[in-house]
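A.B. asks: model this:
(4 chains)
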2 protein chains.
Amino acid sequence: MNVLSTSVNECFSGRVANTTRSAEIAKVLLVEILRGQFRVGERLPSERDLAARFRSGRGAVREALSQIEQLRLIEINPGGARIKSVRDSSIAVLGPLLALEESPNALLVDQFLETFSVLTQLSGRRAISAMSTDQQHALLKRLEEMTDRFATGELGQDELHAFLESLGEISNNLVVRLIGNDLRTQLFERMIFKGRETTLNKNYHLQLLKGMRDGIQSRDGNLFSKSLEEYFEELRVGVFQLLDSEIVEESKVL
Amino acid sequence: MNVLSTSVNECFSGRVANTTRSAEIAKVLLVEILRGQFRVGERLPSERDLAARFRSGRGAVREALSQIEQLRLIEINPGGARIKSVRDSSIAVLGPLLALEESPNALLVDQFLETFSVLTQLSGRRAISAMSTDQQHALLKRLEEMTDRFATGELGQDELHAFLESLGEISNNLVVRLIGNDLRTQLFERMIFKGRETTLNKNYHLQLLKGMRDGIQSRDGNLFSKSLEEYFEELRVGVFQLLDSEIVEESKVL
DNA sequence: TCTTCAAATTGGTCTTACCAGTTTGGACAG
DNA sequence: CTGTCCAAACTGGTAAGACCAATTTGAAGA
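C.D. replies: Here you go, the predicted structure:
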């Protein structure tokens, strides 16, 4: 069905979509693979068969398969493409994995936040030990402004993200930055958190702001890291409950 | 030069290489981009031009560009492909980045180890809090064997890796696992550490083995994590000095 | 100097055609 | 009936040619 609708869309109105044909094909195949419609080791249909199925040329299919191969979800060899285990794939499958169901897997999001937490902590520790006094003062000033805005209730999540990102800038660890790029691409840019505002107790936000300020002021990486850890801990609990309740509601509807 | 040699190889002996043409092209372009031969925002030559340069078809070039786009190093749009900043790219560029020079960038490897350290610590903490008593005993037994083999000097790095990986198995955090897959793909599988044996003081190995044993035995995640942290700390120092001295020697040769 | 618009260019896609290596299935020998 | 072997069918890799729609470009015009 999915396939037909897109191809019809292509044939009639000619390029309304801003996505390429190969990206469409890759997306469809990706979902099928992640849903487990193929067993590990099983052979994917041949490029020619897939081209026929998607009513497209072999070139488009080849590009799609090449993209999926880069995710290490399949292995293309002369003779055919074979399915590999999701557990051996790339972090780039995280987004599609979370997007499989309309309500992201709570466990997976929890694991993401846990991982994001330790990477952010690392970033923070490095930033604190690397920042110049100028940067220190700039950060403190920014934190103060954020605290003020928080008091009036106009502190957005985005601003907190931006602050943490500027820490990454200072910390100057390219590896963490690149991983962060991937994680961000997988989650935030896909708007997986769209419309889901944290029902987090405001107290934890304030505690985080305070902890970060103290950590920066005294150049205490451990203190800073600890406050981040506690914040993420609470965030995880909140998000998990939120997503868990969504599942319950979903099953109610069904 | 590079281009000619490969194409000659193709034309004459017809497919000796086990790599595809598109992968070759992608590799060459990737190196050129990472070496900064294009400015950010600059337009890449057109697919037709590249095809002419590499003496190949447009299809191969398209596949190559598509792969590079997945690394978020370029952005392909109708009108042309434009260079993006390495700092915004994917973790998958880490390997090519380290392979740019024959001696990997010491600072970058250090950052990698630091990141790998915190992820491993997270893995360990999770594993310890999640392991069954059976798994606990199995791990302890394995550690004992490793300690024995270490005494006779026949404990390999690979075995330590395998042990840490089995911790990841127990910890059951898919996100960390996927990131680990990428990091491993970028470094270990490319044999960036080939022939470079850690000149690490044996004492630190023993301390790690002991710390891990105690941590597992008492189910103390923090203790376990701490011993890993200290081990990686020493490893980083050792590796950094090793790579740093290589650079000195390189400049001597030149 | 700025605007406008047509021509050239570019990416996206499909079709056709080979090549070389893999897979498959049936013929053949045991 | 079973195992071996080989040729036909199939598969991925690659190239060339062609068309479309959108962008880019540059020159003509205001």
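
A.B. asks: Pretty sure A:R177 sits against B:R87.
C.D. replies: Yes. The pair A:R177 / B:R87 is scored as a contact, 6.4 Å apart, by Cβ atoms under 8 Å. (Each C-beta comes from the backbone N, C-alpha and C, glycine too.)

A.B. asks: Which one's more surrounded, those two?
C.D. replies: Using other Cβ atoms under 10 Å in any protein chain shown as the criterion, A:R177 and B:R87 rank with A:R177 on top: 23 against 11.

A.B. asks: which of the residues in stretch A:139-154 are buried?
C.D. replies: By 16 or more other Cβ atoms under 10 Å in any protein chain shown, the buried positions in stretch A:139-154 come out as A:L139, A:L143, A:M146, A:T147, A:F150.

A.B. asks: Stretch A:233-252 now?
C.D. replies: Across stretch A:233-252, burial judged by 16+ other Cβ under 10 Å covers A:E234, A:L235, A:R236, A:G238, A:V239, A:L242, A:L243, A:E246.

A.B. asks: can you put those in CSV and add pLDDT?
C.D. replies: Listed next are the buried residues of stretch A:233-252 as CSV, based on pLDDT from 0 to 100:
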residue, pLDDT
A:E234, 92
A:L235, 91
A:R236, 92
A:G238, 88
A:V239, 87
A:L242, 85
A:L243, 84
A:E246, 74
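
A.B. asks: out of these, which are inside helices?
C.D. replies: Using DSSP state H, the subset of the buried residues of stretch A:233-252 located in helices is A:E234, A:L235, A:R236, A:G238, A:V239, A:L242, A:L243, A:E246.

A.B. asks: wait, what's in contact with the residue nearest the centre of chain A?
C.D. replies: For chain A, A:L187 is the residue whose C-alpha lies nearest the centre (Cα atoms, centre = their mean; 2.3 Å). By Cβ atoms under 8 Å, 6 or more residues apart in numbering or on different chains, the residues touching A:L187 are A:L94, A:G95, A:L98, A:F112, A:F193.

A.B. asks: out of those residues, which is most surrounded?
C.D. replies: A:L94 (26 neighbours).

A.B. asks: State whether that residue is indeed within a helix.
C.D. replies: Yes. Judged by DSSP: H, G, I helix; E, B strand; the rest coil, A:L94 forms part of a helix.

A.B. asks: Could you look up the SS state of the nearest residue to it once chain neighbours are set aside?
C.D. replies: Residue nearest to A:L94 in three dimensions, not counting chain neighbours: A:Q186, with 4.3 Å by Cβ to Cβ, 6 or more residues apart in numbering or on different chains. When classified by three-state DSSP, A:Q186 comes out as helix.

A.B. asks: Distance check, the one residue in the stretch 1-150 of chain A that gets nearest to DNA strand D against DNA strand C.
C.D. replies: Proximity of the stretch 1-150 of chain A to DNA strand D (Cβ to the nearest atom of the strand) peaks at A:S46, 3.3 Å away. Counting by Cβ to the nearest atom of the strand, to the nearest Å, the gap between A:S46 and DNA strand C amounts to 10 Å.

A.B. asks: Show me what counts as buried in the helix or strand harbouring A:E165.
C.D. replies: Element membership for A:E165, per DSSP states H and E: helix A:157-171. Buried positions in helix A:157-171, judged by neighbour count with 16+ other Cβ under 10 Å: A:L160, A:L164, A:L167, A:G168, A:I170, A:S171.

A.B. asks: thinking again about what came up before, now flag whichever of the ones in helices among the buried residues of stretch A:233-252 is closest to A:T120.
C.D. replies: Nearest to A:T120 among those, counting by Cβ to Cβ, is A:L235 at 11.0 Å.

A.B. asks: didn't the closest one look like it was pressed against A:L113?
C.D. replies: Yes. Counting by Cβ under 8 Å, A:L113 is a contact partner of A:L235 at 6.2 Å.

A.B. asks: about what we covered before: which residues touch the residue nearest to A:L94?
C.D. replies: Applying Cβ under 8 Å, 6+ apart to A:Q186 gives the contacts A:I91, A:A92, A:L94, A:G95, A:L98.

A.B. asks: do the same with A:P96
C.D. replies: Residues in contact with A:P96 (Cβ under 8 Å, 6+ apart) are A:K27, A:L30, A:V31, A:L34.

A.B. asks: Please tell me how far it sits from A:K27.
C.D. replies: Distance of A:P96 to A:K27, computed by Cβ to Cβ, to the nearest Å: 8 Å.

A.B. asks: ok, now A:L119?
C.D. replies: A:L119 is 28 Å from A:K27, where distance means Cβ to Cβ.

A.B. asks: can you check A:V61 too?
C.D. replies: Applying Cβ to Cβ, the value for A:V61 to A:K27 is 13 Å.

A.B. asks: Check A:R87 too.
C.D. replies: Shown here: A:R87 relative to A:K27, a distance of 21 Å by Cβ to Cβ.

A.B. asks: Within range of DNA strand C, give me the residues from chain A.
C.D. replies: Residues of chain A found near DNA strand C (Cβ under 7 Å from any atom of the strand) are A:10, A:20-22, A:43, A:51, A:55-60, A:63, A:77-80.

A.B. asks: ok, of those, which come out buried?
C.D. replies: Counted by 16+ other Cβ under 10 Å, the residues of chain A next to DNA strand C give A:E10, A:T20, A:R21, A:S22, A:A51, A:S56, A:G59, A:A60, A:E63 as buried.

A.B. asks: and those residues as CSV, adding distance to DNA strand D and secondary structure?
C.D. replies: Listed next are these as CSV, based on distance: Cβ to the nearest atom of the strand, whole Å; DSSP: H, G, I helix; E, B strand; the rest coil:
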residue, distance to DNA strand D, secondary structure
A:E10, 10, helix
A:T20, 12, coil
A:R21, 12, helix
A:S22, 13, helix
A:A51, 9, helix
A:S56, 13, coil
A:G59, 7, helix
A:A60, 11, helix
A:E63, 10, helix
